[in-house]
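Participant: What would the 3D arrangement of this be:
(chains A and B)
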Amino acid sequence: MVQQVVLGNEAIARGLIEAGINVMTSYPGTPSSEIMPAVIEWKKKLGLNTYVEWSVNEKAALEVALAASWAGKRAVVAMKQVGLNVASDPLLSAAYTGVVGGFVVISCDDPGPFSSQTEQDTRLFGIFAKVPVLDPASPREAKEMVRYAFELSENYRVPVILRPAMRVSHARQNISLNEIDATARPAKFKKEPTRWAATPRYRLILHKELNEKLGKIEQEFEKSKLNYQSPITNDKYPLGIVASGVPYTTARELLGEFGVDVPMLKIGTVYPLPRKLVSDFVERCERIVVLEEPDSAVELQIPDRRHVRGRLDGTIPNAGELSPDVLYPVLAKILTDANLIDAERASVGVDPALSETLKSVPLPVRPPRLCPGCGHRSAFYSIRRVFPSAFFASDIGCYTLGTNLRAVDTCLDMGAAITVATGLYHAYKLDGKNQSLVATIGDSTFIHSGITGLTNAVHTGARFVLVILDNNTTAMTGFQPTADQNRLADGGEGARVAIPELVRACGVKFLRVSDPYYQDDFQAVLKEAEAFTQSDEGGVAVVIAKRPCVLFDRTPLDTHPIKVEVTDQCDGCKYCLVAFECPALLLNPTTNKVEIDRRICVDCGQCIDACYKGFIIESNPVTISELADKVGLHQRFIP
Amino acid sequence: MDCKILLAGIGGQGVLFAHQLLADCAMAQGLDVTGAETHGMSQRGGSVVSHLKIGESTAPLIRQGTADWLLAFDATEAYRNLAFIRRGGTVIVNSAQAFSNEKILQQLAAMDVTLLTVNADSIAKHLGRASATNVALLGFASSCAGFPLTPDALRESIKRVMRPQFLELNLQAFDEGARSGS
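Facilitator: Numbers count the residues shown, from 1 in each chain, chains lettered A, B, ... in the order given. Presented below is the predicted three-dimensional model:
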């Protein structure tokens, strides 16, 4: 058997390929983003006839994949957990309508959280939506579960959720490559209005049908190999552990370190919970501890919880990842209380003297920052200069890091920059006040969820400046194309849906496209935009700040580098460090002067504007005659 | 064999690639591997830590105080992750200078921890390819007593995983690192 070391998301992708999927849709989001590219790689390598798309948002993604399943295709949609909020409307309805071809929803959770606005639990969403949920504990298991998920979906004609947590998606493990299911599944949509277009009367029938399906699925899960107990014992036991997902593997290893054999019931099929299997186990143990994350989906479904401890009663911390460092002292206490280990063994861990000393070592803090040369930094810097007293509503993406430049005051969810600015406008207007407001949103986020909010803002007469930070890509999650490009997920050519046209179609009367690298021009445009919001006929003014992501497209910097240096006059006032916040600007504590970190500086020259005293200058300023040639090289990113 | 290796550095130092090399090498010898990586927000110029377990365990994270090896690609990141090393473990730091914190040195000695430094940056720079630091450090590590993977086996992995245009230089950096260890 061929073995390969892969990322969890790549293991899932391989599982999808082996399951013979016909259609995959997705919207990128950490920790789910690597599934689609890995599927595309296999599709190309093996010459598979698979339809793939980066959809404009998770709702569109789920609906497109679902409809393909209604036509008999095997279809999958992948997203991060908060994406499922966006896709929840069709998901709940799809549980009722059911599916034809296997339909699997992959929603990656982020216990921690590491790169999300919530620690929400997709498994609870499954319970709420009445959709079966599988919870893998490792990349290997995730790959196995993918195939089973399609079988389950087709056998009972229901959507099935696969919920990998971040530590599965971004774990790395060796997996086996298995055969690929090559079953032909011709598109064949069969009209059935009482199902696909069901009115409330038929919806009641479908709800009852769904409940019946769930009952049968629970029976199947009672016997599923995805749930198992080890070690197997029929005796009464002082303590038992019920665990699902990554906490299972963590606890298994920690119990080994403690050297105790506590019976564990591993649950792979979290919803519907095989209640008989779990109840039998619970009854045989004097006390039960439930280990799961990020919330309490298994624990909540246990019928008799009198002897059950977990995240609900605080025995297990009820927020944050259950890393081995978190779980170790918790398990040590539980095992000590149950007289399974003595206190001495419970204390084996980090050398306390060493940890105490380490606390006193001063270490550089490395918070996430915008990259050197990032166009967002230039845009934020100008916005701060033009709007000193504005509220800044922002959004989800790299540019949330504009908090470092104090140019981001709010970040709620995808698209909310525009609606939050609208709400703030109306709130202040009620008091007769004219509050300065600037909203910032990325290109991909605008297409994802900004268009409805912008239509709403224009229609209701809100007045604020909206800056669309357009870097030609979905940068944060790995440079997926947006609908504003004509590039499709697999490299094929698609039709460009231009952001300026979308903005105009929303009824916006002021629209300028400007390159934030030309800060004087950009600031003039911002002032013009502000004036429009204050004019009699004014409303929302939109400025598209267009500059490609430096990681995605280096061409403009390579063709027009501007090398800078700091003059001897630098007085160490730190204005540039605070206001411009570029990682390549460093203060030398010995000389008390700012220096350029050449290892990471990308020669964008943007920091010249960040020293208002003029102590950051271009290293080799060009002569007038050279300038003419150089201007020809200038690339302003304006269509 | 069960072995836990923690790799620590800064975004851009090739920590994840070093992890992939070690994992590939272990797998080629018929061993199972499980590990964890840092992605997303934390990757933007921040500290990068990756956990690698060779052997039966399928739990991705290493608990503090239990790592057999700490491979630090940056001295400050070594301090930041020192709590992971177990009694009797080995710490390898990419650094031009030796560790100077007396108190920590004493405590590591009391824990029977072996502390080794190698100037992998200088090896890589000398060969004209700064990004080969990670491979030079792996070369050094593989020549240390008790490291679970041999220099020869790791060399084979580099040949398998590395893109051909950078292969020769990286093999040189690897060998140079291995020599400075033995």
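Participant: Quick one: end-to-end length of stretch B:37-55, please.
Facilitator: With Cα to Cα, to the nearest Å as the measure, stretch B:37-55 spans 18 Å from end to end.
Participant: Would you mind identifying the next helix or strand past the helix or strand residue B:69 falls within?
Facilitator: Assigned by DSSP states H and E, residue B:69 belongs to strand B:67-72. Counting by DSSP H and E, the next helix or strand C-terminal to strand B:67-72 is helix B:75-81.
Participant: Which residues does the longest helix seen in chain B contact?
Facilitator: Determined from DSSP state H, the single longest helix within chain B is helix B:164-181. Contact with helix B:164-181 is made by B:116, B:118, B:120, B:123-124, B:126-129, B:132-133, B:135-144, B:151, B:154-155, B:158-159, B:162, as judged by Cβ atoms under 8 Å, 6 or more residues apart in numbering or on different chains. C-beta here means a position set from N, CA and C on the backbone, and glycine is covered the same way.
Participant: and these near chain A, which?
Facilitator: Checked against chain A using Cβ under 8 Å from any Cβ of the partner chain, the contacts of helix B:164-181 yield no neighbours at all.
Participant: Which members of the residues you listed are positioned in strands?
Facilitator: B:116, B:118 (DSSP state E).
Participant: Show me which of the contacts of helix B:164-181 are buried.
Facilitator: By neighbour count, with 16 or more other Cβ atoms under 10 Å in any protein chain shown, those hold B:118, B:120, B:123-124, B:127, B:129, B:132-133, B:135-144, B:151, B:154-155, B:158, B:162 as buried.
Participant: ok, and does stretch A:35-45 reach over to chain B?
Facilitator: No - judged by Cβ under 8 Å from any Cβ, stretch A:35-45 and chain B are separated, with a smallest distance of 12.8 Å.
Participant: pLDDT averaged over that stretch, what's the number?
Facilitator: The average pLDDT for stretch A:35-45 rounds to 97.
Participant: Pull it out as CSV, backbone CA atoms only.
Facilitator: C-alpha atoms of stretch A:35-45 as CSV (Å, rounded to 0.1, in the frame of the first residue of the first chain):
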residue,chain,number,x,y,z
ILE,A,35,-8.9,20.8,1.1
MET,A,36,-9.9,22.3,-2.2
PRO,A,37,-6.4,22.8,-3.6
ALA,A,38,-5.5,19.2,-2.7
VAL,A,39,-8.6,17.9,-4.5
ILE,A,40,-7.7,20.0,-7.6
GLU,A,41,-4.2,18.6,-7.5
TRP,A,42,-5.5,15.0,-7.6
LYS,A,43,-8.1,16.0,-10.2
LYS,A,44,-5.3,17.2,-12.5
LYS,A,45,-2.9,14.4,-11.7
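Participant: Go through that stretch and flag the buried ones.
Facilitator: Buried residues in stretch A:35-45 (16+ other Cβ under 10 Å): A:35-40, A:42-43.
Participant: And for stretch A:353-366?
Facilitator: For stretch A:353-366, by 16+ other Cβ under 10 Å, it's A:354, A:357-358, A:366.
Participant: got the end-to-end distance for it?
Facilitator: Criterion Cα to Cα; first-to-last residue distance in stretch A:353-366 is 25 Å.
Participant: Residues contacting that stretch, please?
Facilitator: The contact list for stretch A:353-366, computed with Cβ under 8 Å, 6+ apart, reads B:10, B:45-47, B:64, B:76, B:79-80, B:82-83, B:101, B:103-104, B:107-108, B:110-111.
Participant: which residue is nearest the centroid of chain B?
Facilitator: residue B:71 (3.4 Å; Cα atoms, centre = their mean).
Participant: in the sheet, who's paired with that residue?
Facilitator: Counting by DSSP bridges, residue B:71 is bridged to residue B:7, residue B:92.
Participant: need the contact list for residue 36.
Facilitator: I went with chain A, as the question did not name one. Counting by Cβ under 8 Å, 6+ apart, residue A:36 has contacts A:13, A:24, A:26, A:28, A:52, A:54, A:78, A:480, A:489.
Participant: sorry, should have said chain B
Facilitator: Here residue B:36 is in contact with A:167, A:170-172, B:50-51, B:60-61 (Cβ under 8 Å, 6+ apart).
Participant: and the residues you listed, which of them are in strands?
Facilitator: Using DSSP E, those in strands are A:171-172, B:50-51.
Participant: Kindly tell me how buried residue 23 is, as a neighbour count.
Facilitator: With no chain named, the answer covers chain A. For residue A:23, the neighbour count with other Cβ atoms under 10 Å in any protein chain shown is 23.
Participant: actually chain B
Facilitator: Residues near residue B:23, counting by other Cβ under 10 Å, number 26.
Participant: and if you look at the one 10 residues further on?
Facilitator: Around residue B:33 sit 22 other residues, with neighbours defined as other Cβ under 10 Å.
Participant: And it, its phi and psi?
Facilitator: phi -130, psi 150 (degrees, to the nearest 10).
Participant: who does it bridge with?
Facilitator: Per DSSP bridges, the residues bridged to residue B:33 are residue B:54.
Participant: Give me the pLDDT value at it.
Facilitator: Looking at residue B:33, its pLDDT reads 97.
Participant: Would you mind measuring from it to residue B:51?
Facilitator: According to Cβ to Cβ, to the nearest Å, residue B:33 and residue B:51 sit 11 Å apart.
Participant: Show me what from the stretch 101-250 of chain A comes close to chain B.
Facilitator: Going by Cβ under 8 Å from any Cβ, the residues of the stretch 101-250 of chain A near chain B are A:114-115, A:137-138, A:140, A:167, A:170-174, A:246, A:249-250.
Participant: Mind checking which of those residues are buried?
Facilitator: When those are checked for burial by 16+ other Cβ under 10 Å, the buried set is A:114-115, A:137-138, A:140, A:167, A:170-174, A:246, A:249-250.
Participant: quick one: which of those sit in helices?
Facilitator: Using DSSP H, those in helices are A:140, A:167, A:246, A:249-250.
Participant: Out of those, the closest to residue A:578 would be?
Facilitator: residue A:167 (36.3 Å; Cβ to Cβ).
Participant: mind listing what the closest one touches?
Facilitator: By Cβ under 8 Å, 6+ apart, the contact set of residue A:167 is A:111, A:246, A:321, B:36, B:60-61.
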